[in-house]
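> show me the folded form of this:
(chains A and B)
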Amino acid sequence: EAGVAQSPRYKIIEKRQSVAFWCNPISGHATLYWYQQILGQGPKLLIQFQNNGVVDDSQLPKDRFSAERLKGVDSTLKIQPAKLEDSAVYLCASSSLRTGDRDTQYFGPGTRLTVL
Amino acid sequence: QKEVEQNSGPLSVPEGAIASLNCTYSDRGSQSFFWYRQYSGKSPELIMFIYSNGDKEDGRFTAQLNKASQYVSLLIRDSQPSDSATYLCAVVIGGSNYKLTFGKGTLLTVNP
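Got it, this is the predicted structure:
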């Protein structure tokens, strides 16, 4: 079973520029998550999708961040404009709804963003 | 009060010893608890999950849950240098649509 795929793996941009990250979850996983992990911290949930609907985006800075999950599979997270404090690793995770496995989230390799 | 708290460490143990990692959480309604391992520069990798009070063993790893004390721990027996990593405690906060809240992680170093 293929894991969660993310691209790009690394991105360097200047502040005020825009950037987009892509995620392809494990096949059949209905729930997709985007996390931000700042160095020395645990991952922080930005947004959670179930199929193509948003379940939780309470910690998403909506003035600059946006995310979509068209057709309930792939997802894109965008930052526009970027700030210095957005430098972090952006992790995508997915989980299924099967009983007994519903809470288990599997993470992709992440995208390391550096904002200069 | 932070929702999930861990000692940030670093925790240093000699090879072959038992490493004990601790985590407390604030929401009494929490039902699901996870331990992830994260090597430097890598993404979190699930080690164990536990839902019920008591111990759950998987190879050299044992998770312990005490809901009355709102406490979950991870024991690593016969620690190996390859166990050196940051260990993240994560909790599904009660009634939260399976939203994981992570602690900051504990850095474990196993010395040969």
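> pretty sure B:R77 is touching B:D58, no?
No: B:R77 is not in contact with B:D58 according to C-beta atoms under 8 Å; the separation is 11.1 Å. Every C-beta, even on glycine, is put in place using the N, C-alpha and C of the backbone.
> ok and the residue in chain A nearest chain B?
A:G42 (3.2 Å; C-beta to the nearest C-beta).
> show me what contacts the nearest residue to that residue once chain neighbours are set aside?
Among residues not flanking A:G42 along the chain, B:F102 sits closest, at 3.2 Å (C-beta to C-beta, 6 or more residues apart in numbering or on different chains). For B:F102, the contacting residues are A:42-44, B:4, B:36, B:88-90, by C-beta atoms under 8 Å, 6 or more residues apart in numbering or on different chains.
> can you confirm A:R16 is in a strand?
No: counting by DSSP: H, G, I helix; E, B strand; the rest coil, A:R16 is not part of a strand but coil.
> flag every residue of chain B that's near chain A.
Applying C-beta under 8 Å from any C-beta of the partner chain, we find that chain B lies next to chain A at B:4, B:32, B:34, B:36, B:42-46, B:49, B:88, B:90, B:92, B:96-105.
> out of those, which end up buried?
B:4, B:32, B:34, B:36, B:43-44, B:49, B:88, B:90, B:92, B:96, B:98-105 (16 or more other C-beta atoms under 10 Å in any protein chain shown).
> enumerate the residues of chain A near chain B.
A:31, A:33, A:40-45, A:48, A:50, A:55-56, A:89, A:91, A:95, A:102-110.
> worst-scoring helix or strand of chain A, pLDDT-wise?
strand A:53-56 (a mean of 90; mean pLDDT, DSSP states H and E).
> now find how far off-centre it is within its chain.
13 Å (C-alpha atoms, centre = their mean, to the nearest Å).
> which residues are contacting the next helix or strand after it?
Next helix or strand after strand A:53-56 toward the C-terminus (DSSP states H and E): strand A:65-68. Residues outside strand A:65-68 that contact it (C-beta under 8 Å, 6+ apart): A:34, A:46-47, A:49, A:57, A:60, A:75-80.
> from chain B, which residue is nearest to chain A?
Counting by C-beta to the nearest C-beta, chain B gets nearest chain A through B:F102, at 3.2 Å.
> show me the shaky parts of chain B.
B:1-2, B:94-97 (pLDDT under 70).
> where do the helices sit along it?
Using DSSP state H, chain B contains no helices.
> now do the strands in it.
B:4-6, B:11-14, B:19-25, B:32-38, B:45-50, B:54-58, B:61-66, B:71-76, B:85-92, B:100-102, B:106-111 (DSSP state E).
> cool, chain A as well?
A:5-7, A:10-13, A:19-24, A:31-37, A:44-50, A:53-56, A:65-68, A:75-79, A:88-95, A:106-107, A:111-115.
> can you tell me what sits against the shortest one?
Translated: strand A:106-107. With contacts defined as C-beta under 8 Å, 6+ apart, strand A:106-107 is touched by A:3-4, A:26, A:29, A:91-95, B:36, B:43-46.
> at 6 Å instead, please
Residues outside strand A:106-107 that contact it (C-beta atoms under 6 Å, 6 or more residues apart in numbering or on different chains): A:4, A:26, A:91, A:93-94, B:43-44.
> also stretch B:67-78?
B:16, B:18-25, B:33, B:35, B:53, B:60-65, B:83.
> I'd like to know which of these are buried.
B:19, B:21-25, B:33, B:35, B:61-65, B:83.
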